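Novice: Sequence and predicted structure below; questions after.
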Amino acid sequence: MLPQVDLLLIHHPTSPLCNSSDQIALTWAAMQDALAKNLSRAIGVSNFKRTDLDALMAATTTTVTPAVNQIMLHIDSVDKDTIAWCLAHGVTVEAYSPLGHPDSGGAPVYNLTKVVQIAKAHKVTGAQVALRWLVQQGFPFVTASGTTEYNKEDLDVFSFELTDTEMDTLNNL
């Protein structure tokens with residue numbers, strides 16, 4: 001039996017079985033109980049917007065602020081309002097789909113012209129630039145790759161640093 005999980009998340013504020021403020025509050029109360037019983041090291045949410053976070057924190061049963069809000073975050077998708085709320089409340093913003101979300105019709109950010117230009121200047125890949133952009137802002141990220149080469153590449157984001165000008169360019173895409 002697994003004695004403890006590192007992080008327990010509510011996956012989405014509108015999932016089929018947990019799709020109202022009351023259901024989310026009940027789920028969060030159970031997660032707070034798991035945290036109190038040391039069954040989880042931390043509890044958090046995923047895909048919560050500012051309004052969802054406000055509703056969660058307004059629930060009478062909420063006593064613990066989420067440790068993490070895992071959101072889609074990449075160069076071409078930045079929810080500044082939600083990020084500002086999280087930062088103001090001490091919630092870590094963790095990026096998923098940090099290279100874009102082509103399955104949803106978007107282009108991978110590592111192929112964007114400005115990203116490719118910056119990558120060439122540093123002799124790295126566009127994916128490394130996209131991940132470094134997150135690192136320099138203090139956002140942890142999760143990636144998924146089926147190849148050792150890409151996994152090594154994803155980890156090699158500390159051998160270079162983006163300039164302020166490059167960060168500004170990426171922030172304004």
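Specialist: Here it is on my side, so go on. Please read these numbers as outputs of a predicted model, since none were measured by experiment.
Novice: Would you indicate which residues of the helix or strand hosting residue 33 are buried?
Specialist: Following DSSP states H and E, the helix or strand that holds residue 33 is helix 21-36. For helix 21-36, burial by neighbour count (16 or more other Cβ atoms under 10 Å) applies to 24-25, 27-28, 31-32, 35. Using the backbone N, CA and C atoms, a C-beta is placed for each residue, glycine as well.
Novice: cool, stretch 145-155 as well?
Specialist: 153-154.
Novice: again, but for stretch 50-67
Specialist: Quick answer for stretch 50-67 (16+ other Cβ under 10 Å): 50, 52-53, 55-56, 62, 66-67.
Novice: of all those residues, which comes closest to residue 2?
Specialist: residue 67 (19.0 Å; Cβ to Cβ).
Novice: and that closest one, what does it touch?
Specialist: 7, 42-44, 91-92 (Cβ atoms under 8 Å, 6 or more residues apart in numbering).
Novice: ok, now with 10 Å
Specialist: If a contact means Cβ atoms under 10 Å, 6 or more residues apart in numbering, then residue 67 has 7-9, 35, 40-45, 90-92, 94 as its contacts.
Novice: gap between the helix or strand bottoming out on mean pLDDT in the chain and the chain center?
Specialist: Comparing helices and strands within the chain by mean pLDDT, DSSP states H and E singles out helix 148-155 as the least confident, with a mean of 79. How far helix 148-155 lies from its chain's middle: 19 Å, per Cα atoms, centre = their mean, to the nearest Å.
Novice: cool, and stretch 115-122?
Specialist: So, by Cα atoms, centre = their mean, the centroid of stretch 115-122 is 24 Å from its chain's centroid.
Novice: So which bits of it are buried?
Specialist: For stretch 115-122, by 16+ other Cβ under 10 Å, it's 115, 118-119, 122.
Novice: Narrow those to those in helices?
Specialist: 115, 118-119, 122 (DSSP state H).
Novice: And the helices in the protein?
Specialist: Taking DSSP H as the test, the helices found in the chain are 21-36, 50-58, 80-88, 113-122, 126-136, 148-155, 164-171.
Novice: These into TSV, with extra columns for distance to residue 74?
Specialist: Output for those, formatted as TSV (distance: least, Cβ to Cβ, whole Å):
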stretch	distance to residue 74
helix 21-36	26
helix 50-58	19
helix 80-88	13
helix 113-122	10
helix 126-136	6
helix 148-155	13
helix 164-171	10
